[in-house]
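Visitor: Sequence below, structure please.
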Amino acid sequence: MTPLLSLLLTILVVLAAAYLPGYAAVRALGGSRLLALALAPALAAAIAGISAVAASVLGLRWSMLPFLLGAALLVGVAFGLRRLGVRLPSTVLDGALAPRRAVPGGAFWMIGALAVSLLPIAFRAGRPDAILERWDTLFHLSALERIRETGDASSLHVGSVSNSAGDPSFYPAAFHALATVVPGVTTPTLLNGTVLALAVIPWILGIALLARALFPTTGWASFAAAITAALIPASPVDLWIHLSPIPNLSGFAALPGVIAAAVALWGALLPRFAPRPLLATLLVLGLAGAGLGLLHPNVAVTALILLAVLTAVTGASSWRRRPWLVVVPVLTLLPVILLSYTPLGSQVTGFNGGLVVQWWLALGEVGLGLLTVWPMALGVVLAVLWWPGLVTAFRTAPWRWLAVAWVAIAVIYLDAALDSPLNLSTLYYRGQDRVSMPLAMLSAVLVVPGLQAWSRLLVRSQDGARTPGTAHAPGTTHAASAARHGLRPARTVTVTVTVTVILVIAAVIAALSSLPTRSDDAAKNLAADYPGRGRFLQADERALFEQHVPQMDQDGTVLASPFSGAAHLYAMFGQDVRLPVAGMAYTDLDRQLLYATEDAASDPASCRVLEENGIHYVYQERMPYSRHSTSDSVNFAGPDLGIVLFETDHSRMIQIDCDPGDGSYDPA
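Guide: Next comes the predicted model:
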């Protein structure tokens with residue numbers, strides 16, 4: 001199978017896994033088609049994450065089979081509940097996503113937006129199995145390879161890849177479990193295809209569904225939000241290239257659909273809480289929340305924050321009549337508070353680091369749409385659209401929660417950008433990169449009322465220009481107003497069409513103008529060379545690996561700095577590598593082996609230490625991606641440590657030979 005076909009196969013299989021089981025379960029509970037599409041990716045993550053843990057406990061090797069068993073169990077439970085009368089209520093998401101021909105040539109515009117978003121990345125990658133030059137990519141490649149090697153995709157064990165002793169540790173692994181249901185594809189292609197499947201479709205479709213839930217009477221709302229989601233700079237697919245926090249961005253891509261479902265279900269239940277629809281709602285949203293958490297916990301935290309805002313703002317008017325409704329936002333915020341300010345979240349809250357900027361720069365990033373993920377002029381153009389939408393949402397009761405949610409996430413972003421002592425962003429590793437995605441999601445939806453606000457302003461300006469001092473009556477159309485004031489309808493239509501054409505052309509130019517920035521940003525982590533940026537894996541290294549490594553002893557361990565290209569040998573070829581992940585927790589033995597390489601060429605005892613611990617190869621990198629005092633020890637040994645298998649201008653692979661040739665060597 002060619003690499004391109006492998007990539008396409010991966011995308012199709014992962015999309016099927018991400019949508020079909022969850023869709024079937026929601027439909028079995030009586031949910032509408034759109035509601036099922038909204039919840040499906042998060043439910044699939046829950047199926048994969050929970051089934052992987054169960055398979056590990058039962059001793060089953062992880063593959064498509066246990067995933068399908070978990071999916072069948074969920075669908076079966078849903079059918080059983082339906083027979084007992086437990087079913088989801090009718091919601092605003094019943095019906096079609098948009099009226100037919102709501103936007104002329106809508107499919108063409110959507111394809112164009114996807115091309116603008118994805119083609120620069122594809123061009124810079126150059127091959128389906130391209131490897132991103134980011135720390136996180138190295139971890140996830142090795143994690144996928146470890147799952148394929150051991151057959152264990154449990155979130156309780158996947159973290160073992162980050163220590164040479166193989167000690168199990170927790171890492172949210174729903175993404176990895178979904179990816180590894182695909183057989184027969186190389187690990188780099190598997191990673192790329194799975195990210196593309198989970199970062200693009202759920203994000204765009206989810207935001208379209210969120211717009212549909214919020215603006216059900218606006219036929220073009222879903223289309224406008226979807227186009228914005230595809231083009232907005234701080235999208236999951238852009239963060240993949242920028243920073244590569246892959247489970248995190250996959251979770252945030254699934255988040256809009258969950259919020260769309262929550263908005264629809266809350267709107268259906270708020271007038272009257274019926275026990276059975278309430279139970280069905282709690283089950284599907286709870287399981288979807290678990291799926292988000294198993295993709296990455298801070299995505300579930302974001303969902304809880306947004307749900308707290310939704311239920312508080314929309315339910316406040318009913319608190320006097322039904323005071324128990326206050327409990328709903330309190331309960332949704334309680335886990336966030338516990339994780340932030342108790343030892344429960346210590347694994348995250350103890351993190352120090354992140355990009356800190358001046359306060360005025362932070363405000364500029366938020367206010368101008370220049371969020372830290374791929375800031376570009378297009379973001380400013382979109383800000384011109386969503387700022388009026390934000391103001392309109394504050395003034396409109398049904399949408400007010402959306403504006404409050406935007407402010408809440410913006411405050412968290414500012415906290416991260418400033419490294420504020422308030423620690424509001426502590427569950428996001430104090431990184432505005434991650435917070436950019438939910439802020440972009442809300443901004444994309446706010447484009448809809450923003451466009452409506454600009455449209456009203458345009459109509460008023462046209463009326464005022466033709467008949468100063470007059471205005472059309474509320475509820476009348478622009479054409480009717482023109483007729484009342486003796487204006488010629490033909491002229492009104494001509495002006496409107498002309499303005500529309502001009503705006504469409506301007507929008508196309510703005511979108512296309514982002515291509516050079518997108519291409520350059522992608523090149524920073526995908527091109528073979530980029531000025532001022534290091535590389536884990538150089539192009540000449542990869543060519544030599546592909547040529548020589550298949551002839552190496554697969555059981556012989558390679559000792560190398562995890563910041564060198566050799567760390568990729570495990571994921572690319574299954575070659576045993578002692579330190580396959582950057583930032584590993586070193587054991588005392590790891591340090592002993594690294595330090596032993598410094599004089600192993602001249603000291604037989606040091607060489608024996610390597611040999612006795614299964615080290616057959618030492619890989620040296622004179623241009624490491626990052627410097628590290630301990631791991632750099634491996635780069636100091638001379639070529640007389642053994643046989644040089646291959647060499648580049650900046651690296652070499654040495655097969656260890658501890659025999660000095662004087663008859664003193666005892667291999668026993």
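Visitor: going forward, measure contacts between C-alpha atoms and count neighbours the same way
Guide: Noted.
Visitor: after the helix or strand that contains Ala254 comes which helix or strand?
Guide: When elements are defined using DSSP states H and E, Ala254 is found to belong to helix 246-269. Read in the C-terminal direction, the helix or strand following helix 246-269 is helix 275-295, with elements assigned using DSSP H and E.
Visitor: buried sites along that following helix?
Guide: With burial defined by 16 or more other CA atoms under 10 Å, the residues of helix 275-295 counted as buried are 276-278, 280-281, 284-285, 287-295.
Visitor: So what angle separates the directions of it and helix 246-269?
Guide: Here helix 275-295 points in a direction 170 degrees away from that of helix 246-269 (axes from the mean of the first three to the mean of the last three CA atoms, to 10 degrees).
Visitor: can you map out the strands along the stretch 301-450 of the chain?
Guide: With DSSP state E, counting those that start in this stretch as the definition, the stretch 301-450 of the chain shows no strands.
Visitor: Output the lowest mean pLDDT helix or strand found in this structure.
Guide: When the helices and strands of the chain are compared on mean pLDDT, DSSP states H and E, helix 478-484 comes out lowest with a mean of 47.
Visitor: Can you mark which positions in the helix holding Ala254 are buried?
Guide: 246-269.
Visitor: Report the secondary structure state of Arg652.
Guide: Three states are possible here, and by DSSP: H, G, I helix; E, B strand; the rest coil the one that applies to Arg652 is strand.
Visitor: That one: neighbouring residues, count only.
Guide: Applying other CA atoms under 10 Å, we find 19 other residues in the vicinity of Arg652.
Visitor: Kindly report the same for Arg127.
Guide: By other CA under 10 Å, the residues close to Arg127 number 13.
Visitor: Distance-wise, check it relative to Ala523.
Guide: From Arg127 over to Ala523 the distance is 13 Å, taken as CA to CA, to the nearest Å.
Visitor: show me where pLDDT drops low in the protein?
Guide: Judged by pLDDT under 70, the chain has its weakly predicted residues at 346, 349-354, 461-497, 499, 661-668.
Visitor: ok, now with 50
Guide: For the chain, the stretches with pLDDT under 50 are 469-487.
Visitor: quick check: longest helix of it.
Guide: The single longest helix within the chain, with elements called by DSSP state H, is helix 432-466.
Visitor: Can you list the buried residues in it?
Guide: For helix 432-466, the neighbour count (16+ other CA under 10 Å) marks 432-453, 459, 462-463 as buried.
Visitor: go on, stretch 180-193?
Guide: Of all the residues in stretch 180-193, those buried under the rule 16+ other CA under 10 Å are 180-183, 185-193.
Visitor: Which member of those residues is positioned nearest Ala78?
Guide: In terms of CA to CA, no member of those lies closer to Ala78 than Val181, at 23.3 Å.
Visitor: SS state for that closest one?
Guide: Under the three-state scheme (three-state DSSP), Val181 adopts coil.
Visitor: what's the burial count for Ala543?
Guide: Neighbouring residues of Ala543 were enumerated by other CA under 10 Å; the total is 10.
Visitor: typed the wrong thing, it's Ile509
Guide: With neighbours defined by other CA under 10 Å, the count for Ile509 comes to 12.
Visitor: and if you look at Leu141?
Guide: Other residues within reach of Leu141, judged by other CA under 10 Å, total 24.
Visitor: In terms of helices and strands, where is it?
Guide: Remark: Leu141 resides in helix 135-150, with elements defined by DSSP H and E.
Visitor: That helix vs helix 246-269, what angle?
Guide: Note on geometry: by the same axes, to 10 degrees, helix 135-150 and helix 246-269 are set 90 degrees apart in direction.
Visitor: List the buried residues for helix 135-150?
Guide: Using 16+ other CA under 10 Å as the test for burial, helix 135-150 gives 135-148.
Visitor: Next: stretch 648-665.
Guide: Those would be Ser651, Arg652, Met653, Ile654, Gln655, Ile656, Asp657, Cys658, Asp659, for stretch 648-665 by 16+ other CA under 10 Å.
Visitor: which residues are in contact with it?
Guide: 540-541, 601, 604, 607-608, 611, 615-623, 639, 641-647 (CA atoms under 8 Å, 6 or more residues apart in numbering).
Visitor: Assign the closest residue to Ile147 other than its chain neighbours to helix, strand or coil.
Guide: Distance criterion CA to CA, 6 or more residues apart in numbering; nearest residue to Ile147, sequence neighbours excluded, is Ala153 at 5.4 Å. Three-state secondary structure (criterion: three-state DSSP) places Ala153 in coil.
Visitor: list the contacts for Gly251?
Guide: Contacts of Gly251 were listed using CA under 8 Å, 6+ apart, and they are Ala42, Leu292, Gly293, Leu295, His296, Val299.
Visitor: now the residues you listed in JSON lines, with distance to Val309?
Guide: Converted to JSON lines, the contacts of Gly251 look like this (distance: CA to CA, whole Å):
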{"residue": "Ala42", "distance to Val309": "21"}
{"residue": "Leu292", "distance to Val309": "18"}
{"residue": "Gly293", "distance to Val309": "19"}
{"residue": "Leu295", "distance to Val309": "23"}
{"residue": "His296", "distance to Val309": "21"}
{"residue": "Val299", "distance to Val309": "16"}
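Visitor: Good, wrapping up.
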